[in-house]
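**Q** Could you work out the structure for the sequence below:
(2 chains)
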Amino acid sequence: MRYLPHTESEITEMLKVVGAKNVDDLFTSIPKDLRFKSPLNLPRSMSEMELVSHLKELSEKNNSSASSFLGAGAYRHYVPAAVKAVVSRSEFVTPYTPYQPEISQGTLQTIFEYQTMICRIFEMDVTNASHYDGSTSTAEAALLATKLTKRKKILVADTVHPEYREVITTLLRPSGTEIVLVPHTESGTIDREFLKAACNKEAAGFIAGYPNFFGVVDSLPELADIAHSSGGLFITSTPEPISMGLIEAPGKLGADIVCAEGQSFGCGLNFGGPYLGIFAAKDKYLRSMPGRIVGETVDTDGKRGYVLTFATREQHIRREKATSNICSNEALCATTAAVYLAMLGKEGLKKLAELNFNKAEYAKSVMRGASCVMRFSGPTFNEFVVTLKRPAEEATHALAKKNIFAGVPLSKWYPQYKNELLVCVTELNSKEEIDTLAKELSPLL
Amino acid sequence: MPRALSRGEENMLLEESTLFEQSVKGRTGYSLPPSDVPIAEVPKGILRKESAALPELSEADVVRHFVRLSTYNYNKDAGFYPLGSCTMKYNPKVADLTPTFEGFANTHPYQPVETVEGNIKLIKELESYLAEISGLDAVTLQPCAGAHGEMTGILCVRAYHESKDDLRKKVIIPDSAHGTNPASVAICGYSVVEAKSNEEGLLTPEAVAKVMDEDVAAIMITNPNTLGIFETHIKEIADIVHAKGGLVYMDGANLNALMGISRPGDFGVDVMHFNLHKTFATPHGGGGPGSGPIGVKKMLVPFLPNPVCHPHKSGDLPNSPDSRLRGNDRSIGRVKAFYGNFSVLVRGYTYIREMGPDGLKRATELAVLNAAYIKARLSQDYYVPYCTPSLHECVFSDKFQNEHDVKTLDIAKRLMDYGQHPPTIYFPLIVHGAIMIEPTETENKAACDAFCDAMIKIAEECRTNPDLVKSAPKTTFRKRLDEARAVKDPRLKVARKCGERCES
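**A** Numbers count the residues shown, from 1 in each chain, chains lettered A, B, ... in the order given. Presented below is the predicted three-dimensional model:
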């Protein structure tokens, strides 16, 4: 067994030092009746060659080559070869959490730079070293709002990613927090009147999608004002952060906490994980924030260095009084994002966002030409909802047979939108592909 | 960009400024295809006024920057990494390769289920392997980390009691537990009742009986515990908890001591989490991503997080792939978007398939042998607070070294000067100045010896030249860092320009 280096003679020698007759003797502290007597019922060991061919075969049972217009929280973006080359280095992949800063400066400075870029992208003051994904960072923000305001109700737009909303519900249930869904209008934006009426002294805050699950970009300052008017927090949740290259940063528009899914920053699809939960906040929430934070300091020679800081918020120090139970996070995904964003740079993020926007607008125009109806009138970034003449679920299965993943049907989460399809277009979709999609969809209209 | 060598010319450790200090206006590191579609007008109201101030660098600038930074990291591929309770075993390279297969890496979580049969088969099979290893009835792979698994498991416990209209308020946690345990329990709305371990480092049935009542939802126990000691009374303790209607949660962080030797499901555990990034050799990534599946007994199956996995026979495909996506009314709900940290699951699956049943058992045996060997070699020079036999890890303290005014932290830092990564320190909390060593099975005798030799040498230095130990490390890229200053004068990102507040 190639991962087990011991030779028989070494084992004998080591047992002698220990004072045990055989390996079995090392387990005498486990009562006999609690010992598992038979061999584990698992498939036999495989050589590397067998393993690779077995897994290759398994992976090929999936369709990974269709023409795809799927988004809805997981986006197809090109990842430069240099990102993979850097991030696959053992020095980033195989260390533990940087609790020993003298020998972990690589990870620490990388996360510090990641924090800087995230703050600049969203125009926020502080951010942490990551959450599991956009759903759990959004849920932690909801939890934080209820703790800070000591209020037992939170308002959540029904256009926040439905699975994020489900995670919020799961996390807030033990505290008995009531979740009020704020409906959307025909334009796909927040129903202001409803929000005004619902925002009262009982509400800890309001969470809006930005862009929302339908791809629509709402006007945040009005929403922030309403949320703030009764002393609540205004929280935004961004499933597609490439949008920040084009649309105004939530930190400039009144957000107190910004959550996002960072998967688009170089992490790839990977069937939904591991992804990158982003959590950024205004200064005043620093000491109540969940998660690890890296800070700059100096060593005993006065040289600049980095450490994990404000650890007294965290579970290993504060135990049941910690701001969160999070320990392991998604550090390698944050590292990936840091490398990806550094390569894109100031201009690249803007150019990439424009390309996504232009392609999606082109898709909208050819679909309109094929007499598709856009369900919502609000502005969008790289995804939008079209109304078909038959159930979208049927349409997607029919088109999958033609090797096209046309989009995500909304009916699973919004029963009223049986015929609605959420279509995402990124830099990876060519004009030709978009034309084909419109052509294939038109008989279904 | 001027850079100075850090310690004279005897090494090549280059100082590296931040990305932002290296940024040059107009330099680019991206490559985008020309647009094949017309330019569309952005509605004015939504347009970003000022581009995000990201650095401007060429690809080579970026690659060199991060490659240089990477050289400042110690890492598992560089060698021995004896962090107790963290199970830093070697991460097989074939498991780096398999998740990158296009068929896995390029699948979207919302593509039609009939187009991801391979993923679903892998998920189902991995669930069945973990169920077999733990002796539990069903497994969910949704949680992303150990603490996430703890929360998921305790929420299942909560839902179970609620389904019987039995609203309990407390969870018993031994004083030797991981810090995440109390934090996870608090998030689930329970208060923590501490159970004290005895002078042998064991939890006794009496200690549990004393705090167990009908208001206790569960006991959360780590076995072997954080001293590396198998809780010999576990079955009796489980019986006491069960008799009063409580459930038994096991923190599976130390499962590497048990594979093929003893199964939690057989010694009374109702729910536990696994750490694929410990026991099943997936890398730690400098802090994550991990994967923290949970396994449960039958009565907890209805409460598992959505999307629900139905109990199945080993290797079966579900009757309809849609069954995975169906919600369950009694479920605790979702704990994350999509289906867990999938590519970490592929790594864990790859590892288990290569090890097979005999390999996993042998891994456990040799992990325990390595720990026993180190314990035997160091017990003359370092105080052993508990003499009870331990399994995959061993705990010492700095009691002998305190006589020379040297503390655990100093010993840890001095180890770096010997090219050794320190063990876990100051944990478990029940041992003052704890030094917790977990070598894992992937380390050969020479590696264990080199670590022990360094530890013994340091013990000698503590007696003869304590100042040398107290001023360590001397040879690392950075010396001891001022953690107090990081809090007093918070700099949590690169300041944008002179005069900008560092925090804002």
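**Q** hey, let's count contacts and neighbours off CA atoms from now on
**A** Fine.
**Q** In the stretch 401-504 of chain B, which residue sits closest to chain A?
**A** For the stretch 401-504 of chain B, the nearest residue to chain A under the criterion Cα to the nearest Cα is residue B:481, separated by 4.0 Å.
**Q** So chain A: which segments form each domain?
**A** Residue ranges of the domains in chain A are recorded as A:67-78+A:346-444, A:81-340, according to automatic domain parsing.
**Q** and among those domains, the most buried is which?
**A** domain A:81-340 (a mean of 23; mean count of other Cα atoms under 10 Å in any protein chain shown).
**Q** could you give the mean pLDDT of that one?
**A** Across domain A:81-340, pLDDT averages out at 97.
**Q** Compute the first-to-last residue distance for that domain.
**A** Length of domain A:81-340, first residue to last, Cα to Cα, to the nearest Å: 10 Å.
**Q** re the thing from before, so what's the residue of the stretch 401-504 of chain B closest to chain A up against?
**A** Residue B:481 makes contact with A:101-102, A:297-300, A:305-307 under the criterion Cα atoms under 8 Å, 6 or more residues apart in numbering or on different chains.
**Q** Could you dump the domains of chain A into CSV with distance to residue B:361 added?
**A** Formatted as CSV, the entries for those read as follows, by distance: least, Cα to Cα, whole Å:
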stretch, distance to residue B:361
domain A:67-78+A:346-444, 38
domain A:81-340, 24
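**Q** do you know which of those domains lies nearest chain B?
**A** In this view, the domains of chain A are compared for proximity to chain B by Cα to the nearest Cα, and domain A:81-340 is the closest at 3.7 Å.
**Q** picking up where we left off before, just put the domains of chain A in a markdown table and tack on distance to chain B.
**A** Compiled in a markdown table, these are given as follows (distance: least, Cα to the nearest Cα, whole Å):
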| stretch | distance to chain B |
| --- | --- |
| domain A:67-78+A:346-444 | 5 |
| domain A:81-340 | 4 |
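**Q** on that earlier part again, where does the residue of the stretch 401-504 of chain B closest to chain A land on pLDDT?
**A** Here the pLDDT value assigned to residue B:481 is 97.
**Q** what's the answer for the one 5 residues further on, then?
**A** In the predicted model, residue B:486 carries a pLDDT score of 96.
**Q** Got phi/psi on it?
**A** Backbone geometry at residue B:486, expressed as degrees, to the nearest 10, gives phi -60, psi -30.
**Q** Measure how far stretch B:31-40 is from the centre of its chain, please.
**A** Taking Cα atoms, centre = their mean, to the nearest Å, one finds the center of stretch B:31-40 at 43 Å from the center of the full chain.
**Q** Tell me which of the contacts of residue B:481 fall in helices.
**A** Applying DSSP state H to those, no entry is found in helices.
**Q** element containing residue B:27, please.
**A** When secondary structure is defined using DSSP states H and E, no element contains residue B:27, which sits outside every helix and strand.
**Q** now residue B:401
**A** Secondary structure assigned from DSSP H and E places residue B:401 in helix B:399-402.
**Q** who touches residue A:407 in this structure?
**A** If you count contacts by Cα under 8 Å, 6+ apart, residue A:407 has them with A:68-71, A:396, A:421-424.
**Q** do that again at 10 Å, thanks
**A** A:68-72, A:383-386, A:392-393, A:395-396, A:399, A:420-425, B:110-112 (Cα atoms under 10 Å, 6 or more residues apart in numbering or on different chains).
**Q** Alpha carbons only: can I get stretch B:183-194 in CSV?
**A** Taking Å, rounded to 0.1, in the frame of the first residue of the first chain, the C-alpha atoms of stretch B:183-194 are listed here in CSV:
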residue,chain,number,x,y,z
ALA,B,183,-20.5,26.9,19.2
SER,B,184,-22.5,24.5,17.0
VAL,B,185,-24.8,23.6,19.8
ALA,B,186,-25.4,27.3,20.6
ILE,B,187,-26.4,28.0,17.0
CYS,B,188,-28.9,25.2,17.2
GLY,B,189,-30.6,26.9,20.2
TYR,B,190,-29.3,24.7,23.0
SER,B,191,-27.4,25.6,26.1
VAL,B,192,-24.3,23.6,27.0
VAL,B,193,-24.0,21.4,30.1
GLU,B,194,-20.4,20.4,30.8
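**Q** same question for it, mean pLDDT?
**A** Within the predicted structure, the mean pLDDT of stretch B:183-194 is 96.
**Q** Please apply the same query to stretch A:437-445.
**A** Averaged across stretch A:437-445, pLDDT comes to 87.
**Q** By mean pLDDT, which helix or strand of chain B comes out lowest?
**A** Taking mean pLDDT, DSSP states H and E as the measure, strand B:6-9 is the helix or strand of chain B with the lowest mean score, a mean of 46.
**Q** Which SSE is immediately downstream of that one?
**A** helix B:19-22.
**Q** What are the contacting residues of that next one?
**A** The set of residues external to helix B:19-22 that reach it, using Cα under 10 Å, 6+ apart, is A:109-110, A:113, A:116-117, A:338, A:342, B:1-2, B:16, B:53-57, B:61-62, B:65-66, B:494-496.
**Q** ok, of those, which come out buried?
**A** Buried by 16 or more other Cα atoms under 10 Å in any protein chain shown: A:109-110, A:113, A:116-117, A:338, A:342, B:16, B:53-57, B:61-62, B:65-66, B:494, out of these.
**Q** What ranges does the stretch 51-200 of chain A have for its helices?
**A** For the stretch 51-200 of chain A, the helices defined by DSSP state H, counting those that start in this stretch cover A:81-87, A:90-93, A:105-122, A:134-149, A:162-172, A:192-198.
**Q** for the shortest one, packing partners?
**A** Applying 3 or more Cα pairs under 10 Å, 6 or more residues apart in numbering or on different chains; DSSP states H and E, one finds that helix A:90-93 contacts helix A:81-87, helix A:105-122, helix A:331-369, helix B:59-70.
**Q** For these, give me a markdown table that also has distance to residue B:92.
**A** Conversion of the helices and strands packed on helix A:90-93 to a markdown table gives the following (distance: least, Cα to Cα, whole Å):
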| stretch | distance to residue B:92 |
| --- | --- |
| helix A:81-87 | 17 |
| helix A:105-122 | 21 |
| helix A:331-369 | 17 |
| helix B:59-70 | 20 |
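**Q** Among those, which comes closest to residue B:307?
**A** Between residue B:307 and those, the tightest spacing by Cα to Cα is seen for helix A:331-369, at 24.0 Å.
**Q** Just checking the distance from that closest one to the centre of its chain.
**A** Taking Cα atoms, centre = their mean, one finds the center of helix A:331-369 at 16 Å from the center of the full chain.
**Q** what helices or strands is the next helix or strand after that helix leaning on?
**A** For helix A:331-369, the succeeding helix or strand toward the C-terminus, using DSSP H and E, is strand A:373-374. Packed against strand A:373-374, as judged by 3+ Cα pairs under 10 Å, 6+ apart, are the following elements: helix A:331-369, strand A:383-387, strand A:420-424.
**Q** Which among those is found nearest to residue A:375?
**A** Proximity to residue A:375, assessed across the helices and strands packed on strand A:373-374 by Cα to Cα, is greatest for strand A:383-387 (5.3 Å).
**Q** element containing residue A:20?
**A** Using DSSP H and E, residue A:20 maps to neither a helix nor a strand.
**Q** isn't it right next to residue A:14, touching?
**A** Yes: if you go by Cα atoms under 10 Å, residue A:20 and residue A:14 touch, sitting 8.9 Å apart.
**Q** returning to what we had before: between the helices of the stretch 51-200 of chain A, which gets nearest to residue B:241?
**A** For those, proximity to residue B:241 was assessed by Cα to Cα; helix A:162-172 is nearest, at 26.2 Å.
**Q** mind exporting that closest one as CSV, just the C-alpha atoms?
**A** Taking only C-alpha atoms (Å, rounded to 0.1, in the frame of the first residue of the first chain), the coordinates of helix A:162-172 have been written out as CSV:
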residue,chain,number,x,y,z
PRO,A,162,-34.4,30.3,-3.4
GLU,A,163,-31.8,27.9,-2.0
TYR,A,164,-30.1,30.7,-0.1
ARG,A,165,-33.6,31.5,1.4
GLU,A,166,-33.9,27.8,2.4
VAL,A,167,-30.5,28.0,4.2
ILE,A,168,-31.6,31.2,5.9
THR,A,169,-34.7,29.4,7.1
THR,A,170,-32.7,26.4,8.4
LEU,A,171,-30.3,28.6,10.3
LEU,A,172,-32.8,31.0,11.8
